[in-house]
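**Q** this one's sequence-less:
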């Protein structure tokens with residue numbers, strides 16, 4: 001019998017982090033997430049990925 005359920009991810013999100021925001025930062029994060037139909041975690045991961053790409057392109061941090 002075939003297994004049912006959610007398929008395994010190639011790169012599972014195994015780590016959990018806690019971040020502290022000011023009230024204004026929290027409001028801005030929630031507004032952005034709602035505007036683009038993303039979760040708050042997706043917004044933060046996307047922002048991190050974009051910063052890393054920008055640094056890779058500029059050669060900073062090497």
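**A** Structure's in. What do you need? Here the structure is a predicted model, which means the values were calculated and not measured.

**Q** what about the residue nearest to the spatial centre of the chain, distance to residue 2?
**A** Per Cα atoms, centre = their mean, the C-alpha nearest to the average position across the chain is that of residue 45, at 1.7 Å. From residue 45 across to residue 2, the span is 31 Å (Cβ to Cβ, to the nearest Å). (C-beta placed from N, C-alpha, C; glycine too.)

**Q** same question, residue 40
**A** From residue 40 over to residue 2 (counting by Cβ to Cβ), the distance is 35 Å.

**Q** neighbour count winner among these two?
**A** Under the neighbour definition other Cβ atoms under 10 Å, residue 40 and residue 2 were set side by side, and residue 40 has more, 15 against 3.

**Q** how about the more buried one, nearest residue that isn't a chain neighbour?
**A** Once flanking residues are discounted, residue 40 sits nearest to residue 33: 5.0 Å by Cβ to Cβ, 6 or more residues apart in numbering.

**Q** quick one: mean pLDDT for the biggest helix by length in the chain?
**A** Longest helix in the chain, counting residues (DSSP state H): helix 40-58. Per-residue pLDDT over helix 40-58 has a mean of 94.
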